[in-house]
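J.: Sequence below, structure please.
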Amino acid sequence: MTMKPCLHLDYTAGKFTGCTIQTATPWYPNVRYWLRGPEWTDNGPGERANPAKVQFCAKRGRINGVFDCYNGEMGCYEPAAEQETP
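T.: As a prediction, the model looks like this:
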């Protein structure tokens, strides 16, 4: 199954503080997502943590999942143009 990202996903490096871009390797090396650090996920002792693996969408903001914006589950999904691989 080929995963195609949504046109509205934002992967601008350095745009979101305390977050790094990761890939879903080894199974889906072309799927990227943001890994949020403890400043965004840690709610303190005894509290449930906020999602760490997320997407950022230009239309909807933070999406609390990795694959929703790759497989068309979101109503605003528009497939991004094909990218050339080096």
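J.: In three-state terms, how would the spatially most central residue of the chain be classified?
T.: Against the mean C-alpha coordinate of the chain, by C-alpha atoms, centre = their mean, the closest residue is residue 55 at 2.5 Å. Reducing the assignment to helix, strand or coil with DSSP: H, G, I helix; E, B strand; the rest coil, the entry for residue 55 is strand.
J.: so what's it closest to, chain neighbours aside?
T.: Using C-beta to C-beta, 6 or more residues apart in numbering and skipping the chain neighbours, the partner closest in space to residue 55 is residue 63 (4.2 Å). Bear in mind the C-beta positions are built from the backbone N, C-alpha and C, glycine included.
J.: How many residues are close by that neighbour?
T.: Residues within reach of residue 63, counting by other C-beta atoms under 10 Å, total 22.
J.: any weak-confidence spans in the chain?
T.: For the chain, applying pLDDT under 70 flags the ranges 1, 82-86.
J.: those helices in it, which residues are they?
T.: 38-41 (DSSP state H).
J.: remind me, longest strand of it?
T.: Longest strand of the chain, by residue count under DSSP state E: strand 28-36.
J.: coming back round to it: show the contacting residues for the residue nearest to residue 55.
T.: When the contact criterion is C-beta atoms under 8 Å, 6 or more residues apart in numbering, the partners of residue 63 are 54-57, 69, 74.
J.: mind redoing it with 10 Å?
T.: With contacts taken as C-beta atoms under 10 Å, 6 or more residues apart in numbering, residue 63 has the following neighbours: 6, 8-9, 33-34, 51, 54-57, 69, 73-74.
J.: correct me, but residue 62 touches residue 40?
T.: Yes. With contact defined as C-beta atoms under 10 Å, residue 62 counts as touching residue 40 (9.4 Å).
J.: Between these two, which contacts overlap?
T.: 16, 34, 50-51, 54.
J.: Surely residue 51 is in contact with residue 19?
T.: No. Taking contacts as C-beta under 10 Å, residue 51 lies outside contact range of residue 19: 11.6 Å.
J.: Same drill for the two, tell me which one is more crowded.
T.: Of the pair residue 51 and residue 19, residue 19 is the one with more neighbours under other C-beta under 10 Å, namely 19 against 13.
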